[in-house]
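Asker: Provide a 3D model corresponding to the input given below.
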Amino acid sequence: MSEVNEDGLLACPFCGDSNISHHEVMGKRENGAFFFQTACLNCGACGPESDKTPNFDADMGWNERIQPR
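Answerer: Numbering: from 1, shown residues only. Coordinates of the predicted model:
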């Protein structure tokens, strides 16, 4: 199992870094609504988008991804 950082997020499956962002607005949709993503601050890999705050759904999506072999 991958390393977990102080925020309870798994390390990046691509670069292995544990410097993972969360609770950040990552973009704005055409309708004006903001969306959130959990992302690796080292390589830029992003998890699934979430429209909810706080960023709990995005964090869960990041941690529930398929682990590399």
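
Asker: State the distance from the most centrally placed residue in the chain to Leu10.
Answerer: Residue closest to the mean C-alpha point of the chain, counted by CA atoms, centre = their mean, is Thr38 at 1.8 Å. Separation of Thr38 from Leu10 (CB to CB, to the nearest Å): 10 Å. For the C-beta atoms, the positions are set from N, CA and C on the backbone; glycine is no exception.

Asker: so what sits against both of the two?
Answerer: Shared contacts of Thr38 and Leu10 (CB atoms under 8 Å, 6 or more residues apart in numbering): 20, 62.

Asker: Compute the first-to-last residue distance for stretch 21-34.
Answerer: One end of stretch 21-34 sits 16 Å from the other (CA to CA, to the nearest Å).

Asker: again, but for stretch 40-60
Answerer: From its first residue to its last, stretch 40-60 covers 14 Å (CA to CA).

Asker: again, but for stretch 34-41
Answerer: First residue to last in stretch 34-41 (CA to CA) measures 20 Å.

Asker: average pLDDT for that stretch?
Answerer: Stretch 34-41 shows a mean pLDDT of 88.

Asker: any weak-confidence spans in the chain?
Answerer: For the chain, applying pLDDT under 70 flags the ranges 1-2, 23, 53-55, 67-69.

Asker: hey, where'd the strands end up in it?
Answerer: In the chain, the strands defined using DSSP state E lie at 20-21, 25-28, 34-36, 39-40.

Asker: quick one: which of those strands is nearest Phe14?
Answerer: strand 39-40 (7.0 Å; CB to CB).

Asker: And the helices in this structure?
Answerer: 56-63 (DSSP state H).

Asker: Who is Ile20 paired with across the strands?
Answerer: Under DSSP bridges, the beta-bridge partners of Ile20 are Cys40.

Asker: That one: neighbour count?
Answerer: For Ile20, the number of neighbouring residues by other CB atoms under 10 Å comes to 23.

Asker: Am I right that the residue nearest to the centre of the chain is in contact with Phe56?
Answerer: No - counting by CB atoms under 8 Å, Thr38 does not reach Phe56; the two are 10.0 Å apart.
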